[in-house]
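**Student:** need a structure here:
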Amino acid sequence: MKLSKLIGILLCLLLAIGSIFPSSGARVYAQENTPRKAVNKTSVDVQKIWVGPKKDSATVKLLGDGKDTGRRLVLNEANSWKSSFKDIPETDDTGYIRYTVEEEPIPGYKSIVLGNSKDGFQIKNTNVETFSVHVTKKWIGKEARLVHVILMGDDKQAGSVDLIRDNGWTHVFENVPKYDEKDGHEIAYKLKEAYYQLEDNENEGATYDTKITGDAKSGFVITNTNNEEVGFEVIKKWVGKEGASATIRLLADGRVKQTATLSRANNWKYVIDGGLRRYDPVDGHEIDYKVEEDPVEGYKTSYSSELGYRILITNTEINSKTPEQPKNPEQPKTPEQPETPEQSKTLDKPNTVVKVKTGQTSKAPKTSDLGSLPIYGSILLLSLTGISILFGKKRRMK
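**Tutor:** Next comes the predicted model:
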């Protein structure tokens, strides 16, 4: 009994000494059995924000010090796009755990994480969907050289281009944002024509009416209608007796467009000063204008055009002949000079003169006649000698 009591007293003393002077082994034992702060739990709140159309759901994963913890949250309409990671350790052996969140990628969206683990995270998903906008230019009438068009998004310029013949009057705006990156509303796009440039001197003075149809999804069509106008001046001319009046009709592609009566009161003139489209507003072909006159009895009608817009209508009286201009009479020909006959070498007398009546042509004597002149001269000489002898005898007889 004494021994057992003694052992008990010694144990009590040892325990008392250990509590006053604890050993290193006792300190380790106390640390291993003391509850740690790592057993404290925390939670992390997560909220989903959509910019643009919402998807059916979004999956968010929890990261601890940048490492995947394996914890997941599914956010959707049922939980109002809000939830929390609950009962997660606040610390580990190294201290407090830094928690972050990350969203599994959603095609067509850009994800941004805002906030922190203490106040909660907001994951903002912005729809980055893009599309293409087609633009086509259509001309009614003669086209211009180029047209500058601007694509507007919510009344702000989103792009511009020059439409010309070389690019087929078409263009495609690529990678156009569909939704606003701030609040996610769908951007309203429209097209406007800023200006056009005419061909040099070809359609100077032409103006166009512009009409834009379609939309950004189906494509825009810009229709430019050439509204250039033309005018005419009709002048009436009479050859012969002047008529009382004449009725004319202006035809456009064979259909009567206007009628008018020409008379002395309006100086036989009718002026159409504009108001007539040069090009058809439906298909753009150039309209064929003609002026015709109702037949006037007793007259033949002819048409002529000057400068492309002045039309002359001439009515010639059928029974009235236009006097012909007198022809210039032919000038009389200068008569040929008669040839000078050759003189006979045997003739010593003066040349014989041949008289020619006015209006007759003299003929030169023949060579055979010239050869007989000596004989005739001898006979004439003998005759004159005989006559002189005879007159001499008569004088003596007296």
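**Student:** mind listing what Gly298 touches?
**Tutor:** When contacts are counted by C-beta atoms under 8 Å, 6 or more residues apart in numbering, Gly298 is found next to 317-319. To be clear about C-beta, it is placed using only N, CA and C from the backbone, and glycine gets the same treatment.
**Student:** list of residues touching stretch 220-230?
**Tutor:** Residues outside stretch 220-230 that contact it (C-beta under 8 Å, 6+ apart): 133-144, 147, 149, 163, 191, 193, 196, 203, 205-214, 274-279, 281, 284, 289, 309.
**Student:** who does Cys172 form a beta bridge with?
**Tutor:** One correction, residue 172 is Val, not Cys. Applying DSSP bridges to Val172 gives these bridge partners: His134.
**Student:** and the gap between it and Asp280?
**Tutor:** Distance, Val172 to Asp280, using C-beta to C-beta, to the nearest Å: 30 Å.
**Student:** these two: which is more packed in?
**Tutor:** Asp280 (16 against 12; other C-beta atoms under 10 Å).
**Student:** for that one, what are phi and psi?
**Tutor:** phi -70, psi 130 (degrees, to the nearest 10).
**Student:** residue contacts, the residue nearest to it when sequence neighbours are not counted?
**Tutor:** With C-beta to C-beta, 6 or more residues apart in numbering as the criterion, Asp280 has its nearest non-adjacent residue at 5.7 Å, and that residue is Ile287. Taking C-beta under 8 Å, 6+ apart as the contact definition, Ile287 lies against 252-253, 276-280.
**Student:** how does it look with 6 Å?
**Tutor:** When the contact criterion is C-beta atoms under 6 Å, 6 or more residues apart in numbering, the partners of Ile287 are 252-253, 280.
**Student:** pLDDT weak spots in this protein?
**Tutor:** Counting by pLDDT under 70, the chain contains low-confidence residues at 1-39, 199-206, 307-308, 320-398.
**Student:** I'd like the domain boundaries of it, if you could list them.
**Tutor:** According to automatic domain parsing, the chain comprises the domains 41-127, 130-226, 229-317.
**Student:** surely Ala58 and Leu75 touch.
**Tutor:** Yes: contact status for Ala58 versus Leu75: in contact at 4.9 Å, counting by C-beta atoms under 6 Å.
**Student:** intersection of neighbour lists for the two?
**Tutor:** Each of Lys48 lies in contact with both Ala58 and Leu75 under the rule C-beta under 6 Å, 6+ apart.
**Student:** did I read that right, Lys118 in a strand?
**Tutor:** No: with DSSP: H, G, I helix; E, B strand; the rest coil as the criterion, Lys118 is assigned coil and is not in a strand.
**Student:** and it, how far from Val44?
**Tutor:** Distance check for Lys118 against Val44: by C-beta to C-beta, it reads 9 Å.
**Student:** ok, the two, which is more surrounded?
**Tutor:** The residue with the greater number of neighbours, taking Lys118 and Val44 and applying other C-beta under 10 Å, is Val44; the counts read 23 against 9.
**Student:** which residue packs closest to that one, ignoring adjacent ones?
**Tutor:** The spatial neighbour of Val44 that comes closest, neighbours along the chain excluded (C-beta to C-beta, 6+ apart), is Phe85 at 4.4 Å.
**Student:** ok, the one you found - contacts?
**Tutor:** When contacts are counted by C-beta under 6 Å, 6+ apart, Phe85 touches 44, 62, 71.
**Student:** the last one against Leu63, yeah?
**Tutor:** Read that as Arg71. No: distance between Arg71 and Leu63: 9.2 Å, which falls outside the contact criterion (C-beta under 6 Å).
**Student:** okay, now Phe131: neighbour count?
**Tutor:** Phe131 is flanked by 13 other residues according to other C-beta under 10 Å.
**Student:** now swap in Ile112 and tell me
**Tutor:** The burial count for Ile112: 12, using other C-beta under 10 Å.
**Student:** just the one 10 residues further on next, same as before
**Tutor:** A count of nearby residues for Gln122, using other C-beta under 10 Å, gives 16.
**Student:** repeat for Val234
**Tutor:** As a burial measure, Val234 scores 22 neighbours (other C-beta under 10 Å).
**Student:** need the strands for the stretch 101-250 of the chain, in chain order.
**Tutor:** Remark: strands of the stretch 101-250 of the chain, listed N- to C-terminal, are 109-116, 120-127, 130-140, 146-153, 156-164, 170-177, 189-197, 208-215, 219-226, 229-239, 245-252; assignment by DSSP state E, counting those that start in this stretch.
**Student:** contacts for the fifth one?
**Tutor:** Among residues not part of strand 156-164, those counted as contacts by C-beta under 6 Å, 6+ apart are 137, 146-148, 150-151, 169, 171, 173.
**Student:** tabulate the strands of the stretch 101-250 of the chain (a markdown table), appending distance to Ser305.
**Tutor:** What follows is the strands of the stretch 101-250 of the chain, written out as a markdown table (distance: least, C-beta to C-beta, whole Å):
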| stretch | distance to Ser305 |
| --- | --- |
| strand 109-116 | 70 |
| strand 120-127 | 65 |
| strand 130-140 | 26 |
| strand 146-153 | 34 |
| strand 156-164 | 35 |
| strand 170-177 | 40 |
| strand 189-197 | 32 |
| strand 208-215 | 28 |
| strand 219-226 | 23 |
| strand 229-239 | 10 |
| strand 245-252 | 14 |
